[in-house]
Every structure is written in structure tokens, then in C-alpha cells.
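Asks: need a structure here:
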Amino acid sequence: MAKENDLKVHNVVVSTDLHCEVPLEKLANNLDDAEYEPEVFPGLVYRTKDPKANYLIFSTGKIICSGTKSFKLAQEATRHLIGILQKQGISITEEPNEEIVNMVASGTLNRKLVLNKIAFSLDGCEYEPESFPGLILRLNDPHVVFLLFNSGKIVCTGARSEEEIERATDNLEKKIKENNL
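Replies: Numbering: from 1, shown residues only. Here you go, the predicted model:
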């Protein structure tokens, strides 16, 4: 099965609820690098360099933080953003709820893959090499999506924990082995 260090997490997406209204127009006017075009998208886009993170901030108090490589780093980035919001006069009285909504990891199965054979043998596959060189495989347990490439490189998305990534990769390797792929 996959060694733990074979897969590396590249992005963790965390949703946070501040339980308060956020005046996006005010933030857009006061924060450097804030992007807010409500006629195009209802949220404010904000990026920080330290910590390196991207945020979508909505007037309802919902925040999506992406670009970090762990839940802990996403939490730290969100705490940093909350400090910025409080300096702008936004009162946050309840403890924010945070949850991972997506993780993206990549690695290798340390073997070449015959994607045509996999596409015909496993359920949940989409493979159109004229459009995209990888095979898309949707698993139900856990509910993730893999991109598989001939080189043996894989990308896993949709997981909500590192344990899910590992379990999904183990399930993938098991399916490949059981079907002699």
C-alpha cells in the first residue's frame, strides 16, 4: 500500500462561520488587495502573504480559506484574518465554526498505469485522452475523486482529512491489484 510520505497535501479548503454580518463594501474600501465586485461575485476576495492564504468572505459571515497545506495552518490563517476584521471594527462574539470541506493531495503509485484497461475495468471512470491525458475515477468510499496518469502519478481531491486520503489511496491500490491492472 502507499507509504505515508508518498502523498503530499497541497491545498486544504476550510469553511468558517463567524456568526455575524460582515460589511464587504467597507472592507473593500479599507483593505489593500481586497477585490469586491458584487455584480460579478457576491463575496470579497482577499489574499495574505504571511500567512499565505486566500479567502472568500461573504456578508453572512461565512469565510472560505484556501491555499494552506494543513488544517492547522488554515486555522492560523483564519485567526489572522479575524484579527484583521476586528481591527476594521467587526465584532465577532461567538467562537467561529471551522470545518475542512476539501483537501487536495498528490503522489505516485510507483508504477506505470494502463489507463485504457483501468477505464474498462473499474466503475466510476471517465477517460477521454483526446480531451485530457488523465483518467478521472470517482470513489464512493470514501467520497473522493482521483486523477490517474500513465506515469503512475495521482491526484486526490474531495477528501476531508488526511486519513480519508490514505484510505482512498489504499482502496485505489486494492482495486488495481484485485483487477490485475
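Asks: biggest strand in the chain, by residue count?
Replies: In the chain, with assignment by DSSP state E, the single longest strand is strand 97-108.
Asks: got the phi/psi numbers for residue 46?
Replies: According to degrees, to the nearest 10, the main-chain angles of residue 46 amount to phi -140, psi 140.
Asks: cool, and residue 164?
Replies: phi -60, psi -40.
Asks: so where is this protein shaky, pLDDT-wise?
Replies: Where the chain drops to pLDDT under 70, the residues are 1-5.
Asks: at 80 what do you get?
Replies: 1-6 (pLDDT under 80).
Asks: need the strands for it, in chain order.
Replies: 8-17, 44-49, 52-57, 62-68, 97-108, 125-126, 135-140, 143-148, 153-159.
Asks: Find the nearest non-adjacent residue to residue 6, please.
Replies: Distances taken as CB to CB, 6 or more residues apart in numbering put residue 107 closest to residue 6, at 4.3 Å, once the chain neighbours are dropped. Backbone N, C-alpha and C define where each C-beta goes, glycine included.
Asks: Surely the one you found touches residue 151?
Replies: No: look at residue 107 against residue 151 with CB atoms under 8 Å: they stay out of range, at 11.6 Å.
Asks: Which one of the two is surrounded by more residues?
Replies: Neighbours were counted for residue 107 and for residue 151 using other CB atoms under 10 Å; residue 107 has more, 20 against 13.
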